[in-house]
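K.L.:
Starting from these lines, generate the structure:
(one chain, ligands or ions: 1)
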Amino acid sequence: MPPTATLDDIKAHQERVEKDKITADNLPPCPRCFVESLFFKIHAYRERRFLIIIEMLIKAAYCSLVRFKCPGCGKTFTHYPDFAIPHKHYTRPTVTGFSAGYVESDSMTYQQVVMVDSSVPGYPQKDATLAPSTIHRWITTIGQFPGTCRAALRLLLQENPITSICRDLARLIIPQRKYKTNHRKKQLICCRQLLIIEAFFQATFKTSIFTKLATRCGFS
Ligand SMILES: [Zn+2]
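P.N.:
Numbers count the residues shown, from 1 in each chain. Here you go, the predicted structure:
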């Protein structure tokens, strides 16, 4: 089975939005003016299209995301449900699962990593399947969150100063055949780091980095 959020996950989020259960209370303060998140106001609801994989078929599912506004400086933030990654239509399990398949393996190529049980998830109306270049792009996106990585690591260390995570992060190596430039090497390492931090984060806070750090999820 390919990693993916389910239709039920997306419907459950829509229900929480409709019942006003999404609040800004657990978000960090505004990074611009430091107003506490409990003072954030709901600014807008945006319908978002997500792509989930059902029995090897890539299908669209829709739900609303809540945007909050800081009353101090007017900056707006998107609340990301646990299954979402900023700027991506595919869900977090899909993006992180396929990306991990590539960056955590010494030998896997992009062509191999899209295969699930000897076939590739496909689009129902088109004669197309999940492209190897899509995984390359996902890793680029995840590799562009070093600020988010650092903020998440700080929270983890505050919660558990003796965690072994720093040792795990320091040990990371990317095989040389996976990059041609130093820039790409940095993205691959940042991607691997974020995936490790995310696993610790889920175990510690029972939520995704992108949900808890919504005010810090700009590219940095
Ligand atoms: Zn502010």
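K.L.:
Please report the distance of the closest residue to residue 90 other than its chain neighbours from the ion.
P.N.:
Nearest residue to residue 90 in three dimensions, chain neighbours excluded: residue 51, at 4.9 Å (CB to CB, 6 or more residues apart in numbering). Backbone N, C-alpha and C define where each C-beta goes, glycine included. As judged by CB to the ion, to the nearest Å, residue 51 and the ion stand 32 Å apart.
K.L.:
Ok, residue 114 next?
P.N.:
For residue 114, the distance to the ion - CB to the ion - is 41 Å.
K.L.:
The residue nearest to residue 90: neighbour count?
P.N.:
18 (other CB atoms under 10 Å).
K.L.:
Then the one 5 residues further on?
P.N.:
A count of neighbours around residue 56, defined by other CB under 10 Å, yields 15.
K.L.:
Next, the contact list for it, please.
P.N.:
Contacts for residue 56 (CB atoms under 8 Å, 6 or more residues apart in numbering) come out as 2, 116, 119, 121-122.
K.L.:
So which of these are in strands?
P.N.:
If you go by DSSP state E, the contacts of residue 56 have residue 122 in strands.
K.L.:
ok so, going back, is the residue nearest to residue 90 in a bridge, and if so with what?
P.N.:
Note on residue 51: beta-bridge partners by DSSP bridges are residue 60, residue 90.
K.L.:
So for it, what's the pLDDT?
P.N.:
Per-residue confidence (pLDDT) for residue 51: 97.
K.L.:
Wait, a strand at residue 65?
P.N.:
Yes: counting by DSSP: H, G, I helix; E, B strand; the rest coil, residue 65 is part of a strand.
K.L.:
Next, the contact list for it, please.
P.N.:
By CB under 8 Å, 6+ apart, the neighbours of residue 65 are 17, 45-48, 78-81, 84.
K.L.:
From these, list the buried ones, please.
P.N.:
Buried members of these, counted by 16 or more other CB atoms under 10 Å: 17, 48, 78-81, 84.
K.L.:
And residue 219, what's its pLDDT?
P.N.:
We have a pLDDT of 42 for residue 219.
K.L.:
other SSEs contacting the longest helix anywhere in the chain?
P.N.:
In the chain, taking DSSP state H as the definition, the longest helix is helix 182-205. Identification of packing neighbours for helix 182-205 by 3 or more CB pairs under 8 Å, 6 or more residues apart in numbering; DSSP states H and E yields helix 92-103, helix 132-142, helix 146-159, helix 165-170, helix 209-212.
K.L.:
okay if I get these as a markdown table plus mean neighbour count, mean pLDDT and distance to the ion?
P.N.:
Listed next are the helices and strands packed on helix 182-205 as a markdown table, based on neighbours: other CB atoms under 10 Å; pLDDT from 0 to 100; distance: least, CB to the ion, whole Å:
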| stretch | mean neighbour count | mean pLDDT | distance to the ion |
| --- | --- | --- | --- |
| helix 92-103 | 22 | 96 | 26 |
| helix 132-142 | 18 | 95 | 25 |
| helix 146-159 | 17 | 89 | 16 |
| helix 165-170 | 13 | 89 | 30 |
| helix 209-212 | 23 | 88 | 18 |
